[in-house]
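Engineer: sequence unknown, structure follows:
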């Protein structure tokens, strides 16, 4: 079953901006799906239409086969949404916020209290449950929005940049939490600017640019399309000039740093062997940029060039 | 879905009640202070020189109007500030993304306005009893007049909040429309004192009908046809409810 299906979805705002230009998108039930795109590409508009915060101009959208035009209440009851901007009452307590949210989805108070305890504990907010939400840190506020979105145990969870402005430690713990709820059957659609996050979490991906879906594939397939990767090597001994290694392009960045462009057909063992012969000992190695980021930039830049 | 709607409705009302109680210094106290001042100045100081009106002591005459005036103002103020505050703080999205139909959202906020109107009405009635003896001539008419007036102005506040884009636009209607209508709504005088043309113009003021229907509930006297007053209040309630739901349905002021 499809968790989300859109056909020819368009949106033209009153000021004339065409945010979506006929988006066709399918997301399978159980998927962990990345929706990526540069700022202003149409991600938030697409999410807004699905969650009924934005009126569409044309096309159709269905959530678990509930059409948002004909069966909006059922479609909305399947969705939990974590928006990009904070949208809870800052004067209410986290406990009140999540219990009220459950009420808006028809969950009776006793059950809402039980779930509130469960999710606030899982997201490390239980100790803060009674204070005003405005006193929470940025990361806690983001986690509160996730707890709130989960209160009615939605089949589809939509997260619009959930880890923006969150420190690395909290971000990692949120990743593990999201992987866990996805493993237990919740379909997740994630938009993020941290492409490392999308690569780590998501199995399928769509890239949206200028209101169009420009790429839709399995994450693994997309990454396979990357023909060249740039690696950065840290060396034990000082390197005074870029070493000449046949078949490889090497650049000296500083005394102890080298960069190498390596194509998919080339063998890193061979490069290490040649460097060893030249007396260069490599201490550590990393990708210069995230692999997904490289593909993303190429796709978006190519479209920009053709526009 | 019926259970979802019922629990959702209850949740909105509980949230509104929580807001009224949490900021009681803003939601309950000012109405009491204002009503007390009116009773002291217009009732005791000036009223003693005015003499009886419509066959009642002046303080008795103005008491129902003063209670109704506060009910109308707080019903309106509660919904306009709560719903606009939710729009401004974006937490209206909690409701808009939920499966609750728009008519439940309107009904929930309206009930919140009525609830505050009721709380303020009770407190101001108690203040009135300090200054004047208040008989109850028709309890049914009294309760119906309170309920319908409160609903009408709660809905009007909701519609104001839908269109409002800033806090100025929230205050504009209470200051420039509601307050004059209240003062010309027969709270402090009987319209029979006015010249004929002014009496006819006054009949266009819905607050005149509300105040008199409420006064009829307490004192058994009214300057207008009470039956017409109830038809008017009922009609306005239905009309404004439908308008609020349609505006929410179309996303005016709430959806892009």
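Structural biologist: All right, it came through fine. Since we're looking at a predicted model, the values are computed, not measured. Numbers count the residues shown, from 1 in each chain, chains lettered A, B, ... in the order given.
Engineer: all contacts plus neighbour counts: C-alpha atoms, from now on.
Structural biologist: Noted.
Engineer: and chain B, which of its residues are near chain A?
Structural biologist: B:3-12, B:15, B:86, B:89-101, B:251, B:254-256 (Cα under 8 Å from any Cα of the partner chain).
Engineer: Tell me how far stretch B:169-188 lies from the chain's centre.
Structural biologist: 11 Å (Cα atoms, centre = their mean, to the nearest Å).
Engineer: sorry, back to before: list only buried entries from the residues of chain B next to chain A.
Structural biologist: B:4-12, B:15, B:86, B:90-101, B:251, B:254-256 (16 or more other Cα atoms under 10 Å in any protein chain shown).
Engineer: Residue B:44 and residue B:214: what is the separation?
Structural biologist: 22 Å (Cα to Cα, to the nearest Å).
Engineer: In terms of neighbours, single out the busier of those two.
Structural biologist: Remark: of residue B:44 and residue B:214, residue B:214 carries more neighbours, 29 against 16, as counted by other Cα atoms under 10 Å in any protein chain shown.
Engineer: Not counting its neighbours along the chain, what's nearest the residue in chain B that chain A sits nearest to?
Structural biologist: Here chain B gets closest to chain A at one residue, residue B:4, 3.6 Å apart by Cα to the nearest Cα. Excluding its sequence neighbours, the residue lying closest to residue B:4 (Cα to Cα, 6 or more residues apart in numbering or on different chains) is residue A:106, at 3.6 Å.
Engineer: show me what contacts the residue of chain B closest to chain A?
Structural biologist: Residue B:4 sits next to A:103, A:104, A:105, A:106, A:107, B:100 when contact means Cα atoms under 8 Å, 6 or more residues apart in numbering or on different chains.
Engineer: which ones among the residues you listed are found in helices?
Structural biologist: Among the contacts of residue B:4, DSSP state H puts A:103, A:104 in helices.
Engineer: With distance to residue B:111 added, can I get the contacts of residue B:4 in a markdown table?
Structural biologist: Below are these laid out as a markdown table (distance: Cα to Cα, whole Å):
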| residue | distance to residue B:111 |
| --- | --- |
| A:103 | 16 |
| A:104 | 16 |
| A:105 | 19 |
| A:106 | 18 |
| A:107 | 20 |
| B:100 | 16 |
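Engineer: In stretch A:75-92, which residues are buried?
Structural biologist: Neighbour-count burial for stretch A:75-92 flags A:75-84, A:86-90, A:92 (criterion: 16+ other Cα under 10 Å).
Engineer: er, stretch B:187-194 I mean
Structural biologist: Buried residues in stretch B:187-194, counted by 16+ other Cα under 10 Å: B:187, B:188, B:189, B:190, B:191.
Engineer: Also stretch B:110-124?
Structural biologist: Buried residues in stretch B:110-124, defined by neighbour count with 16+ other Cα under 10 Å: B:110-121, B:123-124.
Engineer: next one: that stretch to chain centre, how far?
Structural biologist: Here stretch B:110-124 is found 8 Å from its chain centre; the criterion is Cα atoms, centre = their mean.
Engineer: One more: stretch A:90-97?
Structural biologist: Relative to its chain's centre, stretch A:90-97 lies at 27 Å (Cα atoms, centre = their mean).
Engineer: near chain B, from the buried residues of stretch A:75-92?
Structural biologist: When the buried residues of stretch A:75-92 are checked against chain B using Cα under 8 Å from any Cα, the ones in range are A:75, A:76, A:77, A:86, A:87, A:88, A:89.
Engineer: Okay, and which of those residues map to helices?
Structural biologist: Filtering these for helices - DSSP H - leaves A:75, A:76, A:77.
Engineer: export the buried residues of stretch B:110-124 to JSON lines and tack on pLDDT?
Structural biologist: Formatted as JSON lines, these follow (pLDDT from 0 to 100):
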{"residue": "B:110", "pLDDT": "98"}
{"residue": "B:111", "pLDDT": "98"}
{"residue": "B:112", "pLDDT": "98"}
{"residue": "B:113", "pLDDT": "98"}
{"residue": "B:114", "pLDDT": "98"}
{"residue": "B:115", "pLDDT": "97"}
{"residue": "B:116", "pLDDT": "97"}
{"residue": "B:117", "pLDDT": "97"}
{"residue": "B:118", "pLDDT": "97"}
{"residue": "B:119", "pLDDT": "96"}
{"residue": "B:120", "pLDDT": "96"}
{"residue": "B:121", "pLDDT": "96"}
{"residue": "B:123", "pLDDT": "94"}
{"residue": "B:124", "pLDDT": "94"}
